[in-house]
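**Student:** just coords:
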């Protein structure tokens, strides 16, 4: 057997294993990311049904620096061009998130739980695990690219293919980046956090660059991998050579990842965590939970504050953005209530903040699942620490952290909107019962059905899709009400309704109580 094939022995079996483990997660991610872009064709055609309307909105969007920071500049006013503008940046970002989760899950997480060591004791080459992981990520991003290309093909095959490749290529760029970070760090949590930090920095660089220049020519935009996807310019004389830049970055990062693999033992890292006794402020289960989750909460807090500042600046110009387009006005009113357009815009944005904050809450709750499956919870519970007390530390951070980031988003909105802080903060806090309900669903699944804990993510993701795409597709209210956010009053602008707020709060309490009861009765999960 040649020396080239020995390091890759077992790649096929490991790839099949990875695909089997992610047979639900990967298709859901691909359909959500790709389907979001494909569904944009119908909404753009319904909103702007004439070339004049599309040209008008393209000019208005390009002239608004806050909108450019959020979505990027508009390069073309065709239906395909507006879809690429509206969904390109976010789909590329979501593809990056999907890819980093896949890669860290099948590299550092496998080593952290000890499964990789057992697999490596068989006939498995040194490079086989990383190769299988990158092949799984490549398949997921290829599926995303195919869905986008098929969904937009009717608007022009060239532009559809360019957008699909740009989104999929961005996903692979962050997949190879995560493969490097996973070998530098000792924990899957830190690997995800660092890669997500790079992704957040890339998004902010692109936003700053696009905010400053309407043609996307800023140096800051070119410094961002998210900006590279934007510079492919689907439906505007596609720049195919930018895809070569993305491909080159993928190959270079993959080469670095393989080089690190050859110099590292299984389970080891180049930046090991400094050990130390749990003394002083780390002597309690709650303090340990805070230590484990404080970095994530800090990142979410900064992100929500910055996003609030960006959207607050857009609210006062909401009427100019919508113009005379009745369809756009109706969408904002469906999302934000039948009120003045500025208030409806603010209510819609606050509702989006709430749905995204639910992702933080669910992820924070499911940290319990990770601590348990990794074996770190067992030695804690072997001492004089009850299960409810152990779980309570993480739940306090999840539920109180959600309140904190929503308050910070309200502060950011108020800073740039220039109106009274009180009503905006009140509108942000009204989102909490729905956020807590979805967090309660995650607690229930972890406590009573731990092997199906991923369903907590599915519930939050479905509510996000319903709230984001439902109003644009004019879905019936009965479908919108499947999400707890569909029952909340649309503030500011509407009258306060306490009944749904109190009912959802009671439901959240019941879900948490049921989840904790299940946790007390069942056995701990093994890694």
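**Tutor:** Good, I have the coordinates. In this text the structure is predicted, and so the values were computed from the model without any measurement. Numbering: from 1, shown residues only.

**Student:** How about the secondary structure of residue 375?
**Tutor:** Under DSSP: H, G, I helix; E, B strand; the rest coil, the three-state class of residue 375 is coil.

**Student:** Report the buried residues of the strand or helix carrying residue 162.
**Tutor:** In this assignment (DSSP states H and E), residue 162 forms part of helix 157-184. With burial defined by 16 or more other C-beta atoms under 10 Å, the residues of helix 157-184 counted as buried are 159-184. No exception for glycine: its C-beta is placed from N, CA and C like everyone else's.

**Student:** what about that helix, distance to the chain center?
**Tutor:** From the chain centre to the centre of helix 157-184 is a distance of 15 Å (C-alpha atoms, centre = their mean, to the nearest Å).

**Student:** Stretch 519-527 now?
**Tutor:** Taking mean C-alpha positions (C-alpha atoms, centre = their mean), stretch 519-527 and its chain are 29 Å apart.

**Student:** can you check stretch 42-49 too?
**Tutor:** Per C-alpha atoms, centre = their mean, the displacement of stretch 42-49 from the mean C-alpha position of its chain is 26 Å.

**Student:** Buried residues, stretch 388-395. List them.
**Tutor:** Within stretch 388-395, the residues that count as buried by 16+ other C-beta under 10 Å are 390-395.

**Student:** what mean pLDDT would you report for it?
**Tutor:** In this model, stretch 388-395 carries a mean pLDDT of 88.

**Student:** Then stretch 510-522?
**Tutor:** Model confidence over stretch 510-522 averages 91 on the pLDDT scale.

**Student:** Going by neighbour count, which residues in it are buried?
**Tutor:** Within stretch 510-522, the residues that qualify as buried are 511-512, 515-516, 518-519, counting by 16+ other C-beta under 10 Å.

**Student:** Which is the succeeding secondary structure element to the helix or strand where residue 425 lies?
**Tutor:** For residue 425, the element it lies in under DSSP H and E is helix 421-430. Of the helices and strands lying after helix 421-430 in sequence (DSSP H and E), the nearest is helix 432-448.

**Student:** Quick check: which helices or strands does the next helix or strand along the chain from that next one pack against?
**Tutor:** Toward the C-terminal end, the helix or strand that comes next after helix 432-448 (DSSP H and E) is helix 455-469. With contacts taken as 3 or more C-beta pairs under 8 Å, 6 or more residues apart in numbering; DSSP states H and E, helix 455-469 sits against helix 25-47, helix 341-365, helix 432-448, helix 477-480.

**Student:** Run the chain-centre distance for the shortest one.
**Tutor:** Think helix 477-480. When C-alpha coordinates are averaged (C-alpha atoms, centre = their mean), helix 477-480 and its chain have centres 24 Å apart.

**Student:** buried set for that helix?
**Tutor:** Under the neighbour-count criterion of 16+ other C-beta under 10 Å, helix 477-480 has residue 480 buried.

**Student:** re the thing from before, tell me the angle the helix holding residue 425 makes with helix 341-365.
**Tutor:** Using axes from the mean of the first three to the mean of the last three C-alpha atoms, to 10 degrees, the inter-axis angle of helix 421-430 relative to helix 341-365 is 40 degrees.

**Student:** List the contacts of helix 421-430.
**Tutor:** Contacts of helix 421-430 from elsewhere in the structure, counted by C-beta atoms under 8 Å, 6 or more residues apart in numbering, are 346-347, 350, 353-354, 403, 406-407, 409-411, 413-414, 417, 488-489, 491-492, 496, 501.

**Student:** And the average pLDDT for that helix is what?
**Tutor:** When the per-residue pLDDT values of helix 421-430 are averaged, the result is 88.

**Student:** And stretch 369-379, by the same measure?
**Tutor:** Confidence for stretch 369-379, expressed as mean pLDDT, is 77.

**Student:** List the buried residues for the helix or strand harbouring residue 59?
**Tutor:** Take DSSP H and E as the rule and residue 59 turns out to sit in helix 51-62. For helix 51-62, the buried set under the neighbour-count rule, 16+ other C-beta under 10 Å, comprises 53-54, 56-58, 60-62.

**Student:** Starting from residue 508, give me the distance back to the closest residue in space to residue 466 that isn't next to it in sequence.
**Tutor:** By the measure of C-beta to C-beta, 6 or more residues apart in numbering, the closest residue to residue 466 outside its immediate chain neighbours is residue 483, 4.7 Å from it. When distances are taken as C-beta to C-beta, to the nearest Å, residue 483 and residue 508 turn out to be 14 Å apart.

**Student:** Repeat that for residue 232.
**Tutor:** Between residue 232 and residue 508 the computed distance is 43 Å (C-beta to C-beta).

**Student:** go on, residue 76?
**Tutor:** Relative to residue 508, and taking C-beta to C-beta, residue 76 is found at 45 Å.

**Student:** likewise residue 524?
**Tutor:** Between residue 524 and residue 508 the distance, using C-beta to C-beta, works out to 25 Å.

**Student:** Now do the helices in the stretch 251-400 of the chain.
**Tutor:** 285-315, 318-322, 326-336, 341-365, 367-373, 377-381, 387-417 (DSSP state H, counting those that start in this stretch).

**Student:** so which of those helices gets nearest residue 200?
**Tutor:** Comparison of the helices of the stretch 251-400 of the chain against residue 200 by C-beta to C-beta identifies helix 285-315 as nearest, at 6.7 Å.

**Student:** For that closest one, which residues meet the burial criterion?
**Tutor:** 285, 288-290, 292-293, 296-297, 299-301, 303-315.

**Student:** Fine, thanks again, bye for now.
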